[in-house]
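Novice: Let me see the structure of the following:
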Amino acid sequence: MTKEAQNSLLKVLEEPPEYASIILIASNENKLLNTIRSRCIKINFNKLQEQDIIEYCTKNNINIEKSIISYAGGSIAKAIKIQNSKEEYQKVEEIIQKINEKDLIHILNNSEVLYKSKDNIFDLLDYINVLLIKTKEIQKINCIKYVEEAKKRLNSNSNYDMTIDWLLMNMFKECN
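Specialist: Model prediction:
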């Protein structure tokens, strides 16, 4: 939300209607104005266990592969999103697997999925982090710092394509 939008919300938080309970969900509380945070009760939600996600999906006839659930980070919504965008996530997985096998030009040319996924990029970057950790290769694990820096750059409105270029080049350099 912009500052103006947050200030409008602040007026509602200061004088909420008696009949309403307002639930504000934020992925990054630090982006909220202090005046809003001071008027809210913070509730942290724990990640679900893989077994809980499996049970939920079974009860609700949602077909999600077991391997996808392990990448969902304890989130049913993420598991469903990954399942629905399976091709995108598989392409990202191929990029990570081949980052130390192919040359840089090949990596950049075959990373189209990252360049075309502006709306979904933070989910894909989170998925990259999960993949990097699961490889247990120290060079790839060291690339997490580049993924996190790319997130920061994108949040501060850096050029999208240049940020993806920067990310892939630094990951390639770290792995080779």
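
Novice: Tell me which residue is most central in this structure.
Specialist: Nearest to the geometric centre of the chain sits D123, at 3.0 Å (Cα atoms, centre = their mean).

Novice: which strands and helices sit next to the helix or strand of the chain with the lowest mean pLDDT?
Specialist: One helix or strand of the chain scores below all others by mean pLDDT, DSSP states H and E: helix 66-71, with a mean of 79. Applying 3 or more Cβ pairs under 8 Å, 6 or more residues apart in numbering; DSSP states H and E, we find helix 66-71 packed against helix 50-59, helix 76-84, helix 86-98, helix 121-135. Bear in mind the C-beta positions are built from the backbone N, C-alpha and C, glycine included.

Novice: my read: I107 touches F172, true?
Specialist: Yes - the pair formed by I107 and F172 meets the contact definition of Cβ atoms under 8 Å, at 5.7 Å.

Novice: Kindly format the C-alpha coordinates of the least confident helix or strand of the chain as PDB.
Specialist: The C-alpha atoms that make up helix 66-71 are tabulated as PDB, following Å, rounded to 0.1, in the frame of the first residue of the first chain:
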ATOM      1  CA  LYS A  66       3.900 -35.300  -2.700                       C
ATOM      2  CA  SER A  67       7.200 -33.800  -4.000                       C
ATOM      3  CA  ILE A  68       5.500 -30.400  -4.500                       C
ATOM      4  CA  ILE A  69       4.300 -30.300  -1.000                       C
ATOM      5  CA  SER A  70       7.900 -30.400   0.300                       C
ATOM      6  CA  TYR A  71       8.600 -27.200  -1.700                       C
END
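
Novice: With that, I have no additional questions.
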